[in-house]
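> Below are the sequence and a predicted model for it; my questions follow.
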Number of protein chains: 2
Amino acid sequence: MESTALIIQNVSVHINLDEKEKEFFISLLEPLTLKRKQILLAQGQVCRHSIFVNSGCLRGYMYDRNAMEHVVSFAPQGWWIGDMYSLISQKPGIQYIEAIEETTVLRLSKDSQELLFREVPKFERFFRILIENSLVAYQQRLIDNLSLTAEERYLKLSKQLPSLINRLPLNQIASYIGVTPQYFSKMRKRMLLQ
Amino acid sequence: MESTALIIQNVSVHINLDEKEKEFFISLLEPLTLKRKQILLAQGQVCRHSIFVNSGCLRGYMYDRNAMEHVVSFAPQGWWIGDMYSLISQKPGIQYIEAIEETTVLRLSKDSQELLFREVPKFERFFRILIENSLVAYQQRLIDNLSLTAEERYLKLSKQLPSLINRLPLNQIASYIGVTPQYFSKMRKRMLLQ
DNA sequence: CGTCTATTTGAATGTACTCAAAAGCGGTGG
DNA sequence: CCACCGCTTTTGAGTACATTCAAATAGACG
C-alpha cells in the first residue's frame, strides 16, 4: 500500500523487518483522515493509541490551571504523537491532540502494540529508541527555555521545522516557544526591523 | 548481596525475574563509591553507562553558551541517571554528572545493557518503561516552567523530593527551578514572611 | 585562622505579561 | 457579491517577575 511506505521507512531506520513482519505490523494499523481542527484526543479521555502522521500535521496541547493553552508538541509528517502520560498509565489524559490542517494518520492501539511486542519483540526496541529520542528532545527544550530568549527559541524552531513554520498559526508558535501571542507579535516586528 | 536489594526491587516493579535472571543482571553491574563533588561524567566525554543510585544523591547539569549552569536532574536513592543524549548516540555528551554527597551507585555499561537485552529481552521492556516515565516527567516540567511561577515550582519540587530538598545546596535548587541564586534567596525570604 | 564558596542584600534594568482595544482576514449566508 | 461574524494578529500603556552587577555576610573546610 502507498499509505504505509512512510511508516515502514520510519521503522526501518532502527530495526530490520522481513516481509512477514512488515505485513503483520501494517495489519495492526488503522488509517484515519482528519479535517483541519478535528480533535483526535481530548483532555479527560484515555489515550489508547500511538499516532503516526502520514501527511499534514497534528499538535498536542493542554490547558494549565489558569486556562492558558500550551502547545506541548507539533507532529508533522513522519512523526509520532500521543499523550504519553495517559498512554502509559491508561488514566484520563491531560492533552488534546488536534489536526492543524488536513491530515492523514496511522493509529496503533495500545493492545495492538502489546501484541506486536509479543509477536515481534524487536518492536520493543523500536519504541524504546523512539522514546529515548523524544526524551532527549524534551530535555533540550527544557534547557532552551531556561537559557535562550524567546527570539532565540523562535529561530531554533524555525530551523528545526522549516517546512512547517510557515504553515503554523502564529499564536500556536507563540504557545510552543512559551510567550503570549501579544509579545510574540511585537517580538517578530522587532526582529524584522533589524 | 545487600547492595543489590534496592535495584532488584526497582526492576521488579515493572518486570518479573527468576533467580537466574537476577543473578545475571547483578553480574553485569559495577558498584562504585563517590565522594562529595566527585564527577562521574564530564561534558565532552561519551556516556557509556546507565547509573543507578543506591544511596546518596547525584545531579546532572550542564552549561549553556553563556556559561550559566543548569541542573537537568537530581537522582536521589533509587533513581537512574545518565546523559541520555550521549548514551544513545555514543557521541561526546553535554552533561556533567556529579555526586552531591557521599554516594554509592551501580553502573550498567551500554555494552552490558545490549547483552542484557539479548539474554533477557524483558529488560528491553523495563528500560522502555523507565524512559517513558522520564519522558512524562520532563514534559510536565516543561509545562511547569511555562505555567507556574518560580515560587510554585519550588513548592512542587519540595513536595516531590521532601527528603532531599533539605540536603541540597540552595544554588542548585535555584538552578533546577530556573532562577538565579540571588532571586531564589529573595524569593525564599518573601515566602517565610507570609 | 584564613581561604574559598555559598548565600544574602540592594539598586538599577530588562524581558515578558496583563488588560484593553483596534485592525486584519477568512468563511458563510443573505 | 458583499456584509457580517468569529477568530487571529497587532498595537499601546502600565506592570510584574526575574535578571544583572556589585558588594557584604555567612559557612565550611583544611
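Alright, I've got the coordinates.
> ok, so what distance separates residue A:58 from chain B?
For residue A:58, the distance to chain B equals 16 Å [Cβ to the nearest Cβ, to the nearest Å]. Bear in mind the C-beta positions are built from the backbone N, C-alpha and C, glycine included.
> which strands and helices sit next to the one helix or strand residue A:188 maps to?
Secondary structure from DSSP states H and E places residue A:188 in helix A:181-193. Under the contact definition 3 or more Cβ pairs under 8 Å, 6 or more residues apart in numbering or on different chains; DSSP states H and E, helix A:181-193 sits against helix A:150-160, helix A:170-177.
> any residue of the following helix or strand past the longest one up close to DNA strand D?
In other words, helix A:150-160. Sequence order places helix A:162-165 as the next helix or strand after helix A:150-160, per DSSP H and E. No: judged by Cβ under 7 Å from any atom of the strand, helix A:162-165 stays clear of DNA strand D, getting no closer than 11.8 Å.
> Could you give me the buried positions within helix A:162-165?
In terms of neighbour count (16 or more other Cβ atoms under 10 Å in any protein chain shown), helix A:162-165 has its buried residues at residue A:164.
> Please list the residues outside it that contact it.
A:57, A:74, A:76, A:157, A:158, A:173 (Cβ atoms under 8 Å, 6 or more residues apart in numbering or on different chains).
> wait, the second one sits on residue A:56?
If I follow you right, that is residue A:74. No: using Cβ atoms under 8 Å, residue A:74 makes no contact with residue A:56, being 11.3 Å away.
> who's more crowded, the two?
With neighbours defined as other Cβ atoms under 10 Å in any protein chain shown, residue A:74 and residue A:56 compare such that residue A:74 has more, 23 against 20.
> For that one, give me its contacts.
Contacts of residue A:74 (Cβ under 8 Å, 6+ apart): A:57, A:58, A:59, A:100, A:161, A:164, A:168, A:176.
> from those, which is closest to chain B?
Comparing the contacts of residue A:74 against chain B with Cβ to the nearest Cβ places residue A:176 closest, at 9.8 Å.
> what's the burial count for that closest one?
22.
> Need the single longest helix in chain A, by residues.
Counting residues, the longest helix in chain A under DSSP state H turns out to be helix A:122-147.
> What residues sit buried inside that one?
A:122-136, A:138-147.
> do stretch A:29-48 as well
A:29, A:32, A:34, A:40, A:41, A:43, A:45, A:47, A:48.
> so can I have TSV of those residues showing distance to DNA strand C?
Converted to TSV, the buried residues of stretch A:29-48 look like this (distance: Cβ to the nearest atom of the strand, whole Å):
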residue	distance to DNA strand C
A:29	31
A:32	22
A:34	16
A:40	20
A:41	24
A:43	20
A:45	26
A:47	28
A:48	31
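> Mind putting those into CSV with distance to residue A:70 and pLDDT?
Output for the buried residues of stretch A:29-48, formatted as CSV (distance: Cβ to Cβ, whole Å; pLDDT from 0 to 100):
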residue, distance to residue A:70, pLDDT
A:29, 30, 97
A:32, 25, 94
A:34, 21, 92
A:40, 18, 94
A:41, 16, 95
A:43, 12, 92
A:45, 18, 95
A:47, 17, 97
A:48, 23, 97
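> would a markdown table of those with secondary structure and distance to DNA strand D be doable?
Listed next are the buried residues of stretch A:29-48 as a markdown table, based on DSSP: H, G, I helix; E, B strand; the rest coil; distance: Cβ to the nearest atom of the strand, whole Å:
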| residue | secondary structure | distance to DNA strand D |
| --- | --- | --- |
| A:29 | strand | 31 |
| A:32 | strand | 23 |
| A:34 | strand | 16 |
| A:40 | strand | 17 |
| A:41 | strand | 19 |
| A:43 | coil | 17 |
| A:45 | coil | 22 |
| A:47 | coil | 24 |
| A:48 | coil | 27 |
